[in-house]
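> No letters, just coordinates:
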C-alpha cells in the first residue's frame, strides 16, 4: 500500500534578508512500508520528526531526498490526474479536532466537503450519505445540523473521522488523533478506529507519542528519535523489552515510576475502573 524509501529532509535557516545555509536534518534515510489492511505505529517524542514524515507521506511537504510510493505511484513524480485519484485514497485525521474544521460550518457541511469535491450526488443522496457516515462513527444523522462548538472533543473527532472515511479511502494517516482526549474518550475512539479498519479494510499510519495507544491499535511499530528510525517491533512485548533510551522514555511516560504519583485504583469509581480495565485489556490483545 505504502512504501517510504530512504527519505531525508531538512529545513533551511532563514536569515533577516535571505535564506542561507541548512539546518540539521529533520529526517535521515527513513524507510518503512505499510501493507493493505495493516496499522503501523510511528512513535517518538516531540521533535523526533514524526509529523514532518506524516506531511511528506500525505504529499504536503516534498522531501529533500527519497521516494514516497503509494499504490505503486510516486507521489512526487506523477501527473495531476493520477495524483488527484491518489489523494482520494489517502486521508488524514489531525490531533486538534477543533482547528481541523471550519467553525462556521455544520457537521454535515464538514463531512460533505470531500463528497462535493469528488462525487456527483444529488442533495438528497448527499444528505443520506452524510447521515450514514455520522451513524458509522457513533453519532446520529440529526447531529449533522450542529456546529463544532456544540460537540465535545471526542464527538468532534468522530466528525473528523467521518470526513476522513467519506470517500472510502484505502489509507488514513492518524496524526496524534487521540492524544488530546481523556482516557475514556481515547478508548472509545481507538475502538471505533479498530472497527472501521475491520469493516473497510483500511490501512493506518498511527503517529503518536503514546505507546499505550499504539499497543491498542497497531500491528507493527517503529520508533523515531532525532529524525531516524531507532527501533522496529512486531509485537508489544518486543517494544517494551527494548533497551533503547528513546523507547524507554516512551514506556516510562505511560505510568509514573514513583507510587505516590499514581492514581490509586480504589479511588476510581466503578465506571472509571471499567473504562480503564477495558482500555488495558484491549491494548493487550
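Cool, got the structure. Fair warning: this is a prediction, and the values are worked out from it, not measured in the lab.
> Quick check: beta-bridge partners of the residue nearest the centre of the chain?
For the chain, the residue nearest the mean C-alpha position is residue 174 (0.9 Å; C-alpha atoms, centre = their mean). Note on residue 174: beta-bridge partners by DSSP bridges are residue 93, residue 206.
> Wait, it touches residue 203, no?
No - contact criterion C-beta atoms under 8 Å: residue 174 and residue 203 do not qualify, at 10.8 Å. All C-beta spots, glycine's among them, are computed from the backbone N, C-alpha and C.
> Return the distance of the residue nearest to the centre of the chain relative to residue 103.
Going from residue 174 to residue 103 by C-beta to C-beta, to the nearest Å gives 22 Å.
> got it, and residue 68?
Separation of residue 68 from residue 103 (C-beta to C-beta) stands at 32 Å.
> Same question for residue 156.
Look at residue 156 and residue 103: by C-beta to C-beta, they are 10 Å apart.
> sorry, back to before: which one's more surrounded, residue 68 and residue 103?
residue 68 (21 against 10; other C-beta atoms under 10 Å).
> What segments of the stretch 1-150 of the chain are helices?
In the stretch 1-150 of the chain, the segments counted as helices under DSSP state H, counting those that start in this stretch are 50-57, 80-88, 107-118, 123-136.
> Put together a markdown table for the ones you listed, with mean pLDDT, mean neighbour count and distance to residue 214 on each row.
Shown next, in a markdown table, are the helices of the stretch 1-150 of the chain (pLDDT from 0 to 100; neighbours: other C-beta atoms under 10 Å; distance: least, C-beta to C-beta, whole Å):
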| stretch | mean pLDDT | mean neighbour count | distance to residue 214 |
| --- | --- | --- | --- |
| helix 50-57 | 93 | 22 | 12 |
| helix 80-88 | 93 | 14 | 26 |
| helix 107-118 | 94 | 19 | 27 |
| helix 123-136 | 95 | 16 | 24 |
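> could you dump those to TSV with distance to residue 241?
Below are the helices of the stretch 1-150 of the chain laid out as TSV (distance: least, C-beta to C-beta, whole Å):
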stretch	distance to residue 241
helix 50-57	22
helix 80-88	38
helix 107-118	42
helix 123-136	37
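> Quick one: closest of the ones you listed to residue 209.
helix 50-57 (7.8 Å; C-beta to C-beta).
> Okay, now the unreliable bits of this protein?
12-23, 235-237, 254-285 (pLDDT under 70).
> mind giving me the domain split of it?
Here the domain parsing of the chain from automatic domain parsing is 1-9+23-89+172-256, 101-168.
> and of the ones you listed, who's closest to residue 95?
Residue 95 sits nearest to domain 1-9+23-89+172-256 of all these, at 3.7 Å, using C-beta to C-beta.
> Between residue 156 and residue 103, which contacts overlap?
Common contacts of residue 156 and residue 103 (C-beta atoms under 8 Å, 6 or more residues apart in numbering): residue 148.
> Against residue 230, how distant is residue 207?
From residue 207 to residue 230 the distance is 16 Å (C-beta to C-beta).
> Then residue 25?
From residue 25 to residue 230 the distance is 15 Å (C-beta to C-beta).
> what does residue 238 give?
As for residue 238, its distance to residue 230 is 14 Å (criterion: C-beta to C-beta).
> neighbour-wise, which of the two wins?
residue 230 (16 against 12).
> In contact with the more buried one, which residues?
For residue 230, the contacting residues are 223-224, 244, 246-247, by C-beta under 8 Å, 6+ apart.
> Please confirm that it is located within a strand.
Yes - residue state for residue 230 (DSSP: H, G, I helix; E, B strand; the rest coil) corresponds to a strand.
> does residue 198 count as helix, strand or coil?
Applying three-state DSSP to residue 198 yields a three-state assignment of helix.
> got a list of what it touches?
Contacts of residue 198 by C-beta under 8 Å, 6+ apart: none found.
> Check the gap between it and residue 242 for me.
29 Å.
> Please apply the same query to residue 94.
With distances taken as C-beta to C-beta, residue 94 is found 28 Å from residue 242.
> That'll do, ta.
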